[in-house]
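Visitor: Pasting the sequence and the predicted model now:
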Amino acid sequence: MASSLLHPPAHLAPSVALRLSQQAPYLLRTTPSAISPYSISSLWSSAESPELWTTYENLMLSCLRTGDEQSAHTCLERLTERFGAENERLMALRGLFQEAIAKDDDALKKVLKEYENILVKDPANMPVSKRRIALLRSLNRTSEAITALNKFLDASPTDAEAWSELADLYVTNGMFPQAIFALEEVLLVTPNAWNIHARLGEVLYMAASSETGTDKHLPESMRRFCRSIELCDDYLRGYYGLKLTTSKLLTTLSQSQVSRQSKGDTGLPPPDIKDIERLNELATAKLSEIVRRNTSGEAGWEGYEKPEIIAAQELLNRDAAPITR
Amino acid sequence: MAQVPVQTIHRDPQLFYWILIPITVVMILTGVLRHYATVLMATAPKKQELPSIREQRSLLRGINLRGNANAISGPSFQARKDYLVTSYESGAFLKEPDKKGQAAPNPMTDPAAMEGMMGMMKGNMAMMVPQTLIMGWINAFFSGFVIIRLPFPLTIKFKSMLQAGVGTKDMDPQWMSSISWYVLCIFGLQSVFNYLLGSDNAASQVQQQMGQMAPGAGAQMFGPGVDPDKQFQGEAENLAVLAHHYTLEGVEGRLLQTVKV
């Protein structure tokens, strides 16, 4: 349990977050509230470890998720006691707490105002400027959030987190070329992140399906999914995307032979139709294997998320229906 | 064959209690004190201003692009390369764009660099002062005492190490002088400090000396006295000559070969 408190809680399932926050009062009673580095007792008590404070931070986030504001406040107070109110990360955490207890939009706007005041004094405060962008987004002021994020990225262009948030914002606004650019920036920071490769494939696929008539993105999208699978060979989203793109490519390529001659804008020759067919078969086989083994609960195959398995099953059914008919 | 007679020196057993133990205790206590003095004197790392963060991260972006260019497609790479090379050459990312082309400031006059040096000075002082004091104290009170006899035989080469301060030619190297015990303590107390203060303590002199010999590579890159404009120019050149191979080229074939269901 303590180990799950040491990781950023964004990916915790709701049930785990609930369990953690239910244990918060107990944890808060047993963990030391502060370790003074100057006292004599620190000679024989256990040394202060960074894990302690990570625990507090993550516990606070879990508590906020489940609405245990009392415990969250205690965590925040102890962190403040240790690191001081002027700590950048703590300023962001306090803002997060205030956002969480805000009753309506007016209260949120007050928090936003506070963030802006902090940023006027210290424009280099990265955690607070990120919080401000997130708050703008949750207030549905997307275009403002995009502008702020672009300004942030001008100062800090190696922040993969910010680039992927920007990509996400662009996708919600339907600005696919910009989203693709942002995701490519993420890949430049983390070139082996298979989830980002798959995400880029998804965005390319969306771009290909939104612009009618131009399927220049489609081969690129398929290759992104291929790369994603190459990096992680049982990645469900990768196979799902591979199956989608190859099916679509097969229909478009059989309809028009013209696009086969034209080079894509990526500078790569169009993929061989035989390869696409084989990839399609591979994706189908692997998807059904994953679904079958996961639903039967085989060891080593249970890490997939339920909705993704259901979606994969649905995709397979969609494919199977015309054959049986 | 005649046995070499074992050298015996009649010592007052009190020497043991009144030299060996005080030196050890004092060494441990100064180590603990030094640790806390360093903790107290340490200044928080200076906050960076936004323009200098931008300068450093923009350079890192170029380095990232150079290292991971193969992850993105040819045209995307070309566009980024053109943008970064032009901006690097025109100095658009510099902290002070109007100072482009001037020589790097002298690190002695740069206040930001002075700060770092002061920190280093403090660390040095925390090491030098107690060391000098204790050395003087031992020299004044305990010099010339032979305090213990090591329970194992040693060759003659160890004489200069173990019998510092005792100028006797014929004494067996097994005998150890008080100053040598002090020197041995300097190097040998590391594990005691680790136990008392945690593993990242500032008590040990040995560790501090190691730290000075190999400063972090990151500090060198953006350290004082390095001209960022020169770094940008160099990086622009590196980017301009980079050959780009797209990873996605032929990925279908690779995948079909490796993944079998």
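Guide: Received, thanks.
Visitor: okay, CA-based contacts and neighbour counts for the rest of this
Guide: Noted.
Visitor: Tell me the helix or strand right after the helix or strand of chain A with the lowest mean pLDDT.
Guide: For chain A, using mean pLDDT, DSSP states H and E, the weakest element among its helices and strands is helix A:258-261, scoring a mean of 48. Using DSSP states H and E, the helix or strand that directly follows helix A:258-261 along the chain is helix A:273-295.
Visitor: For chain B, what's its nearest residue on the stretch 1-150 of chain A.
Guide: A:Ala124 (4.8 Å; C-alpha to the nearest C-alpha).
Visitor: What does the residue of chain A found nearest chain B show for phi and psi?
Guide: Nearest to chain B in chain A, going by C-alpha to the nearest C-alpha, is A:Ala155, at a distance of 4.3 Å. Torsion angles at A:Ala155 (phi, psi; degrees, to the nearest 10) stand at phi -80, psi -30.
Visitor: Please report phi then psi for the closest residue to it other than its chain neighbours.
Guide: In space, and not counting its chain neighbours, A:Ala155 is closest to B:Arg54: 4.3 Å by C-alpha to C-alpha, 6 or more residues apart in numbering or on different chains. Torsion angles at B:Arg54 (phi, psi; degrees, to the nearest 10) stand at phi -60, psi -40.
Visitor: Check A:Glu305 too.
Guide: The phi/psi pair for A:Glu305 (degrees, to the nearest 10) is phi -90, psi 140.
Visitor: Please apply the same query to B:Ser177.
Guide: phi -90, psi 170.
Visitor: For the helix ranked longest in chain B, the averaged confidence score.
Guide: Criterion DSSP state H: the longest helix present in chain B is helix B:111-142. For helix B:111-142, mean pLDDT rounds to 78.
Visitor: A:Cys232 reaches A:Trp194, doesn't it?
Guide: Yes - applying C-alpha atoms under 8 Å, one finds A:Cys232 in contact with A:Trp194, separated by 6.5 Å.
Visitor: Quick check on the two: which one has the bigger neighbour count.
Guide: A:Trp194 (24 against 15; other C-alpha atoms under 10 Å in any protein chain shown).
Visitor: So for the closest residue to the more buried one other than its chain neighbours, what's the pLDDT?
Guide: For A:Trp194, ignoring the flanking residues on the chain, the nearest one in space by C-alpha to C-alpha, 6+ apart is A:Ser228 at 4.5 Å. On pLDDT, A:Ser228 comes in at 92.
Visitor: Let me see the contact set for the closest residue to chain A within the stretch 1-150 of chain B.
Guide: Residue of the stretch 1-150 of chain B nearest chain A, by C-alpha to the nearest C-alpha: B:Arg54 (4.3 Å). Counting by C-alpha atoms under 8 Å, 6 or more residues apart in numbering or on different chains, B:Arg54 makes contact with A:Asp154, A:Ala155, A:Ser156, A:Pro157, B:Phe93, B:Lys95.
Visitor: Using ChimeraX, define a selection of the buried residues within the residues you listed.
Guide: In ChimeraX, a selection of the buried entries from those looks like this (16 or more other C-alpha atoms under 10 Å in any protein chain shown):
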select /A:155,156,157 /B:93,95
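Visitor: And the contacts of B:Arg54, which is closest to B:Leu255?
Guide: A:Pro157 (32.3 Å; C-alpha to C-alpha).
Visitor: Assign a three-state SS to that closest one, would you?
Guide: coil (DSSP: H, G, I helix; E, B strand; the rest coil).
Visitor: Hmm, it is touching B:Leu59, no?
Guide: No - using C-alpha under 8 Å, A:Pro157 makes no contact with B:Leu59, being 9.3 Å away.
Visitor: just checking, what packs against the longest helix of chain B?
Guide: helix B:21-41, helix B:178-188 (3 or more C-alpha pairs under 8 Å, 6 or more residues apart in numbering or on different chains; DSSP states H and E).
Visitor: could you redo the last one with a cut-off of 10 Å?
Guide: Using 3 or more C-alpha pairs under 10 Å, 6 or more residues apart in numbering or on different chains; DSSP states H and E as the contact test, the elements touching helix B:111-142 are helix B:21-41, helix B:178-188, helix B:205-213.
Visitor: can I get those in TSV with mean neighbour count and distance to chain A?
Guide: Listed next are the helices and strands packed on helix B:111-142 as TSV, based on neighbours: other C-alpha atoms under 10 Å in any protein chain shown; distance: least, C-alpha to the nearest C-alpha, whole Å:
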stretch	mean neighbour count	distance to chain A
helix B:21-41	17	7
helix B:178-188	18	20
helix B:205-213	13	19
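Visitor: now those helices as CSV including mean pLDDT?
Guide: Listed next are these as CSV, based on pLDDT from 0 to 100:
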stretch, mean pLDDT
helix B:21-41, 84
helix B:178-188, 82
helix B:205-213, 55
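Visitor: picking that back up, intersection of neighbour lists for A:Cys232 and A:Trp194?
Guide: Jointly contacting A:Cys232 and A:Trp194 under the rule C-alpha atoms under 10 Å, 6 or more residues apart in numbering or on different chains are A:Cys226, A:Gly238.
Visitor: ok, now which ones touch B:Lys260?
Guide: A:Asp233, A:Leu282, A:Ala285, A:Lys286.
Visitor: mind redoing it with 7 Å?
Guide: Applying C-alpha atoms under 7 Å, 6 or more residues apart in numbering or on different chains, we find B:Lys260 in contact with no residue.
Visitor: Surely it is in a helix?
Guide: No - the assignment for B:Lys260 is coil, going by three-state DSSP, so no helix is present there.
Visitor: The lowest-mean-pLDDT helix or strand in chain B: what's the following helix or strand?
Guide: When each helix and strand of chain B is scored by mean pLDDT, DSSP H and E, helix B:217-221 comes last, with a mean of 48. Downstream of helix B:217-221, the next assigned helix or strand under DSSP H and E is helix B:228-240.
Visitor: any chance you could map the helices in the stretch 51-200 of chain A?
Guide: Assigned by DSSP state H, counting those that start in this stretch, the stretch 51-200 of chain A shows helices spanning A:69-83, A:88-101, A:105-121, A:126-138, A:142-155, A:160-172, A:176-189, A:194-210.
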